[in-house]
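[1] Following is a predicted model, sequence given first.
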Amino acid sequence: HLAFGAGPHVCLGAFLARTLARPIGELTAATQRIARGELGLQVPVRTHDELGKLASSFNSMSADLEKASRLRRQMTADIAHDLRTPLSVILGYSEALQDEKLPGTPEVYGAMYRQAQQLNRLIDDLRILSLADAGQLSLQRRAVLPGDLLDHTAIAYLPQAEERGVRLSVAADGVPTIWVDPDRLVQVLGNLVGNALRHTPDGGLIALAAGKTGERVVLSVTDSGPGIPPEDLPHIFERFYRGDKARVDDGASGLGLAIARSLIEAHGGQIAAENVATGGARFTIALPVGNPNPVGRVAA
(Lines give C-alpha, C1' and ligand atoms only; values in the text may rest on other atoms or scores of the structure.)
Protein backbone atom coordinates (compact mmCIF):
# COMPACT_ATOMS: atom_id res chain seq x y z
CA HIS A 1 0.00 0.00 0.00
CA LEU A 2 2.83 2.43 0.77
CA ALA A 3 4.42 1.84 -2.62
CA PHE A 4 1.08 2.26 -4.39
CA GLY A 5 0.24 5.48 -2.54
CA ALA A 6 3.60 7.10 -3.26
CA GLY A 7 3.02 7.21 -7.01
CA PRO A 8 0.80 10.31 -7.24
CA HIS A 9 3.02 12.20 -4.80
CA VAL A 10 6.12 11.41 -6.84
CA CYS A 11 4.41 12.61 -10.01
CA LEU A 12 3.25 15.80 -8.32
CA GLY A 13 6.73 16.40 -6.96
CA ALA A 14 8.28 15.90 -10.38
CA PHE A 15 5.75 18.29 -11.93
CA LEU A 16 6.43 20.98 -9.32
CA ALA A 17 10.17 20.52 -9.74
CA ARG A 18 9.91 21.05 -13.48
CA THR A 19 7.59 24.04 -12.98
CA LEU A 20 10.09 25.68 -10.62
CA ALA A 21 13.22 24.63 -12.46
CA ARG A 22 12.34 26.24 -15.78
CA PRO A 23 11.88 29.89 -14.64
CA ILE A 24 14.77 29.57 -12.19
CA GLY A 25 16.97 28.25 -14.98
CA GLU A 26 15.92 31.13 -17.25
CA LEU A 27 16.70 33.68 -14.54
CA THR A 28 20.06 32.08 -13.82
CA ALA A 29 21.05 32.06 -17.50
CA ALA A 30 19.91 35.66 -17.98
CA THR A 31 21.81 36.77 -14.86
CA GLN A 32 24.98 35.17 -16.18
CA ARG A 33 24.56 36.91 -19.55
CA ILE A 34 24.04 40.28 -17.85
CA ALA A 35 27.20 39.66 -15.82
CA ARG A 36 29.00 39.28 -19.17
CA GLY A 37 27.69 42.69 -20.26
CA GLU A 38 24.55 41.74 -22.25
CA LEU A 39 22.29 44.38 -20.69
CA GLY A 40 18.57 44.73 -21.36
CA LEU A 41 17.75 41.01 -21.41
CA GLN A 42 14.16 40.04 -20.58
CA VAL A 43 12.88 36.71 -19.27
CA PRO A 44 9.32 35.35 -19.71
CA VAL A 45 6.93 35.99 -16.82
CA ARG A 46 5.20 32.61 -16.68
CA THR A 47 3.30 32.83 -13.39
CA HIS A 48 1.72 35.32 -11.02
CA ASP A 49 3.32 33.92 -7.87
CA GLU A 50 6.57 34.90 -6.18
CA LEU A 51 8.61 33.54 -9.10
CA GLY A 52 6.58 35.68 -11.50
CA LYS A 53 7.21 38.76 -9.35
CA LEU A 54 10.91 37.91 -9.30
CA ALA A 55 10.95 37.65 -13.11
CA SER A 56 9.15 41.00 -13.43
CA SER A 57 11.61 42.64 -11.04
CA PHE A 58 14.50 41.16 -12.99
CA ASN A 59 13.12 42.53 -16.27
CA SER A 60 12.69 45.98 -14.74
CA MET A 61 16.23 45.93 -13.32
CA SER A 62 17.65 44.72 -16.64
CA ALA A 63 15.87 47.48 -18.58
CA ASP A 64 17.06 50.12 -16.09
CA LEU A 65 20.65 48.88 -16.37
CA GLU A 66 20.51 49.03 -20.16
CA LYS A 67 19.05 52.55 -20.10
CA ALA A 68 21.64 53.77 -17.57
CA SER A 69 24.44 52.29 -19.65
CA ARG A 70 23.09 53.93 -22.82
CA LEU A 71 22.75 57.32 -21.10
CA ARG A 72 26.25 57.01 -19.65
CA ARG A 73 27.70 56.32 -23.09
CA GLN A 74 25.79 59.26 -24.54
CA MET A 75 26.92 61.56 -21.75
CA THR A 76 30.55 60.49 -22.23
CA ALA A 77 30.26 61.25 -25.95
CA ASP A 78 28.68 64.65 -25.22
CA ILE A 79 31.37 65.53 -22.69
CA ALA A 80 34.07 64.57 -25.18
CA HIS A 81 32.39 66.73 -27.83
CA ASP A 82 32.04 69.74 -25.54
CA LEU A 83 35.67 69.42 -24.44
CA ARG A 84 36.96 68.92 -27.97
CA THR A 85 35.33 72.02 -29.46
CA PRO A 86 37.05 74.71 -27.35
CA LEU A 87 40.27 72.69 -27.23
CA SER A 88 40.34 72.58 -31.03
CA VAL A 89 39.93 76.35 -31.19
CA ILE A 90 42.68 76.97 -28.63
CA LEU A 91 45.04 74.52 -30.35
CA GLY A 92 44.29 76.04 -33.74
CA TYR A 93 45.06 79.55 -32.56
CA SER A 94 48.15 78.38 -30.66
CA GLU A 95 49.56 76.59 -33.70
CA ALA A 96 48.89 79.58 -35.93
CA LEU A 97 50.60 81.92 -33.46
CA GLN A 98 53.57 79.58 -33.07
CA ASP A 99 54.03 79.34 -36.86
CA GLU A 100 53.57 83.12 -37.15
CA LYS A 101 50.67 82.60 -39.52
CA LEU A 102 48.47 84.77 -37.31
CA PRO A 103 49.40 88.02 -35.55
CA GLY A 104 49.00 88.12 -31.77
CA THR A 105 46.17 90.64 -31.57
CA PRO A 106 43.86 91.36 -28.62
CA GLU A 107 41.01 89.77 -30.63
CA VAL A 108 42.92 86.50 -31.01
CA TYR A 109 43.89 86.35 -27.35
CA GLY A 110 40.32 87.27 -26.38
CA ALA A 111 38.93 84.41 -28.45
CA MET A 112 41.38 81.96 -26.84
CA TYR A 113 40.47 83.26 -23.38
CA ARG A 114 36.75 82.79 -23.99
CA GLN A 115 37.31 79.20 -25.10
CA ALA A 116 39.41 78.55 -21.97
CA GLN A 117 36.60 79.98 -19.86
CA GLN A 118 34.15 77.60 -21.52
CA LEU A 119 36.41 74.65 -20.67
CA ASN A 120 36.66 75.85 -17.08
CA ARG A 121 32.87 76.14 -16.79
CA LEU A 122 32.40 72.61 -18.10
CA ILE A 123 34.90 71.24 -15.58
CA ASP A 124 33.19 73.14 -12.75
CA ASP A 125 29.77 71.85 -13.86
CA LEU A 126 30.99 68.25 -13.93
CA ARG A 127 32.55 68.67 -10.48
CA ILE A 128 29.27 69.96 -9.02
CA LEU A 129 27.33 67.05 -10.51
CA SER A 130 29.83 64.47 -9.26
CA LEU A 131 29.65 65.92 -5.73
CA ALA A 132 25.86 65.90 -5.86
CA ASP A 133 25.81 62.28 -7.07
CA ALA A 134 28.08 61.30 -4.17
CA GLY A 135 25.94 63.19 -1.62
CA GLN A 136 28.91 65.43 -0.79
CA LEU A 137 27.72 68.77 -2.13
CA SER A 138 28.70 71.40 0.41
CA LEU A 139 25.97 73.89 1.33
CA GLN A 140 26.57 77.03 3.41
CA ARG A 141 23.02 77.51 4.74
CA ARG A 142 21.64 80.60 6.41
CA ALA A 143 18.29 82.32 6.77
CA VAL A 144 17.50 84.28 3.61
CA LEU A 145 14.49 86.26 2.39
CA PRO A 146 13.35 84.89 -1.00
CA GLY A 147 12.73 88.45 -2.21
CA ASP A 148 16.40 89.28 -1.69
CA LEU A 149 17.45 86.33 -3.88
CA LEU A 150 15.07 87.41 -6.64
CA ASP A 151 16.15 91.07 -6.41
CA HIS A 152 19.82 90.09 -6.60
CA THR A 153 19.20 87.94 -9.68
CA ALA A 154 17.10 90.59 -11.43
CA ILE A 155 19.76 93.27 -10.85
CA ALA A 156 22.49 90.98 -12.22
CA TYR A 157 20.58 90.45 -15.49
CA LEU A 158 19.11 93.95 -15.80
CA PRO A 159 21.71 95.27 -18.29
CA GLN A 160 21.13 92.32 -20.66
CA ALA A 161 17.37 92.72 -20.36
CA GLU A 162 17.41 96.49 -20.95
CA GLU A 163 19.53 96.00 -24.06
CA ARG A 164 16.62 94.17 -25.66
CA GLY A 165 13.79 96.01 -23.99
CA VAL A 166 12.83 93.01 -21.86
CA ARG A 167 11.15 93.93 -18.58
CA LEU A 168 12.14 92.09 -15.38
CA SER A 169 9.53 92.14 -12.62
CA VAL A 170 9.89 90.89 -9.04
CA ALA A 171 7.01 90.06 -6.67
CA ALA A 172 7.85 88.56 -3.28
CA ASP A 173 6.11 90.54 -0.52
CA GLY A 174 5.37 88.83 2.80
CA VAL A 175 7.18 85.56 2.02
CA PRO A 176 8.94 83.94 5.03
CA THR A 177 12.65 83.22 5.18
CA ILE A 178 14.15 80.02 3.86
CA TRP A 179 17.25 78.25 5.16
CA VAL A 180 19.43 77.91 2.07
CA ASP A 181 22.85 78.50 0.57
CA PRO A 182 22.25 81.89 -1.07
CA ASP A 183 25.13 81.55 -3.54
CA ARG A 184 23.78 78.21 -4.80
CA LEU A 185 20.22 79.57 -5.07
CA VAL A 186 21.40 82.64 -6.98
CA GLN A 187 23.30 80.28 -9.29
CA VAL A 188 20.10 78.35 -10.00
CA LEU A 189 17.97 81.47 -10.44
CA GLY A 190 20.62 83.03 -12.68
CA ASN A 191 20.57 79.97 -14.88
CA LEU A 192 16.78 80.15 -15.18
CA VAL A 193 16.71 83.89 -15.91
CA GLY A 194 19.57 83.61 -18.43
CA ASN A 195 17.72 80.79 -20.14
CA ALA A 196 14.50 82.83 -20.16
CA LEU A 197 16.29 85.82 -21.69
CA ARG A 198 17.42 83.72 -24.65
CA HIS A 199 13.79 82.82 -25.39
CA THR A 200 11.96 86.03 -24.61
CA PRO A 201 11.39 88.26 -27.63
CA ASP A 202 12.49 91.89 -27.59
CA GLY A 203 10.06 93.93 -25.52
CA GLY A 204 8.87 90.86 -23.63
CA LEU A 205 8.55 90.15 -19.91
CA ILE A 206 10.30 87.87 -17.42
CA ALA A 207 8.50 87.65 -14.08
CA LEU A 208 10.28 86.52 -10.92
CA ALA A 209 7.96 85.71 -8.03
CA ALA A 210 7.90 84.07 -4.61
CA GLY A 211 4.96 82.81 -2.57
CA LYS A 212 4.11 80.37 0.23
CA THR A 213 2.17 77.15 -0.33
CA GLY A 214 1.65 75.10 2.82
CA GLU A 215 5.05 74.54 4.42
CA ARG A 216 6.91 75.43 1.26
CA VAL A 217 8.13 78.61 -0.37
CA VAL A 218 7.76 78.54 -4.15
CA LEU A 219 10.06 80.62 -6.37
CA SER A 220 9.16 80.98 -10.04
CA VAL A 221 10.64 82.39 -13.23
CA THR A 222 8.12 82.92 -16.04
CA ASP A 223 8.98 84.18 -19.53
CA SER A 224 6.86 85.36 -22.46
CA GLY A 225 8.69 83.30 -25.06
CA PRO A 226 7.37 80.46 -27.23
CA GLY A 227 7.39 77.87 -24.42
CA ILE A 228 8.96 74.42 -24.31
CA PRO A 229 8.03 71.75 -26.88
CA PRO A 230 5.76 69.24 -25.09
CA GLU A 231 7.97 66.31 -26.11
CA ASP A 232 10.94 67.95 -24.36
CA LEU A 233 9.24 68.73 -21.05
CA PRO A 234 9.73 65.27 -19.45
CA HIS A 235 13.47 65.35 -20.25
CA ILE A 236 14.38 68.99 -19.74
CA PHE A 237 16.42 68.41 -16.55
CA GLU A 238 18.40 65.47 -17.95
CA ARG A 239 22.11 65.92 -18.49
CA PHE A 240 23.04 66.87 -22.06
CA TYR A 241 19.47 66.36 -23.25
CA ARG A 242 19.41 67.35 -26.94
CA GLY A 243 15.82 68.33 -27.59
CA ASP A 244 15.29 72.05 -28.03
CA LYS A 245 19.00 72.53 -27.47
CA ALA A 246 18.79 76.27 -27.10
CA ARG A 247 16.12 75.97 -24.42
CA VAL A 248 17.79 73.33 -22.27
CA ASP A 249 21.38 74.38 -22.83
CA ASP A 250 22.88 77.03 -20.57
CA GLY A 251 25.20 78.20 -23.33
CA ALA A 252 28.24 76.57 -21.78
CA SER A 253 28.01 72.87 -21.09
CA GLY A 254 24.42 71.75 -21.57
CA LEU A 255 24.38 70.88 -17.87
CA GLY A 256 22.75 74.02 -16.51
CA LEU A 257 19.32 72.61 -15.75
CA ALA A 258 20.72 69.29 -14.51
CA ILE A 259 22.89 71.23 -12.05
CA ALA A 260 19.89 73.35 -11.03
CA ARG A 261 17.95 70.19 -10.17
CA SER A 262 20.88 68.74 -8.20
CA LEU A 263 21.31 71.95 -6.21
CA ILE A 264 17.61 72.26 -5.41
CA GLU A 265 17.31 68.59 -4.41
CA ALA A 266 20.35 69.02 -2.15
CA HIS A 267 18.28 71.67 -0.35
CA GLY A 268 15.41 69.21 0.09
CA GLY A 269 13.35 70.92 -2.61
CA GLN A 270 11.95 70.24 -6.06
CA ILE A 271 12.26 72.04 -9.39
CA ALA A 272 9.79 71.72 -12.26
CA ALA A 273 9.01 73.22 -15.66
CA GLU A 274 5.72 73.83 -17.45
CA ASN A 275 4.19 75.88 -20.22
CA VAL A 276 1.73 78.58 -19.20
CA ALA A 277 -1.62 79.04 -20.91
CA THR A 278 -0.80 82.59 -22.03
CA GLY A 279 2.42 81.45 -23.71
CA GLY A 280 5.95 81.09 -22.43
CA ALA A 281 7.55 78.76 -19.92
CA ARG A 282 7.51 78.75 -16.13
CA PHE A 283 10.14 77.17 -13.89
CA THR A 284 9.18 76.67 -10.25
CA ILE A 285 11.33 75.87 -7.23
CA ALA A 286 9.67 74.58 -4.05
CA LEU A 287 11.77 74.81 -0.86
CA PRO A 288 11.02 74.01 2.79
CA VAL A 289 10.32 76.91 5.14
CA GLY A 290 12.75 77.28 8.04
CA ASN A 291 15.69 74.99 8.72
CA PRO A 292 14.83 71.46 7.49
CA ASN A 293 16.94 68.39 8.02
CA PRO A 294 19.68 68.89 5.44
CA VAL A 295 19.93 66.54 2.47
CA GLY A 296 23.50 65.50 1.86
CA ARG A 297 26.51 66.95 3.68
CA VAL A 298 26.19 70.51 4.92
CA ALA A 299 29.33 72.42 5.66
CA ALA A 300 29.58 74.03 9.07
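    Thanks, I have the structure now.
[2] Just the strands from the stretch 101-250 of the chain, written as ranges.
    142-144, 167-171, 178-180, 205-213, 216-223 (DSSP state E, counting those that start in this stretch).
[3] Can you tell me which of the ones you listed is packed in deepest?
    Most buried of the strands of the stretch 101-250 of the chain, by mean neighbour count (mean count of other CB atoms under 10 Å): strand 178-180, with a mean of 25. In this view, the C-beta of every residue, glycine as well, is placed from N, C-alpha and C.
[4] can you give me how far that strand is from the chain middle?
    Strand 178-180 sits 22 Å away from the centroid of its parent chain (CA atoms, centre = their mean, to the nearest Å).
[5] Mind giving me the packing neighbours of that strand?
    Secondary-structure packing of strand 178-180 (3 or more CB pairs under 8 Å, 6 or more residues apart in numbering; DSSP states H and E): strand 142-144, strand 281-288.
[6] make it 7 Å
    strand 142-144 (3 or more CB pairs under 7 Å, 6 or more residues apart in numbering; DSSP states H and E).
[7] The strand it packs on pairs with which strands, and in what direction?
    strand 178-180 (antiparallel) (DSSP bridges).
[8] In contact with the residue nearest in space to the middle of the chain, which residues are there?
    By CA atoms, centre = their mean, the chain has its centre lying nearest to Ala258, at 2.7 Å. Residues near Ala258 by CB atoms under 7 Å, 6 or more residues apart in numbering: 129, 237-239.
[9] what's the following helix or strand after the lowest-mean-pLDDT helix or strand in the chain?
    Among the helices and strands of the chain, helix 245-248 carries the lowest confidence by mean pLDDT, DSSP states H and E, at a mean of 44. Counting by DSSP states H and E, the element after helix 245-248 in chain order, helix or strand, is helix 256-266.
[10] Pull the distance from that following helix to the chain's centre.
    6 Å.
[11] So what touches the next helix or strand after it?
    Of the helices and strands lying after helix 256-266 in sequence (DSSP H and E), the nearest is strand 270-275. The set of residues external to strand 270-275 that reach it, using CB under 7 Å, 6+ apart, is 227-228, 233, 236, 260-261, 264, 281-286.
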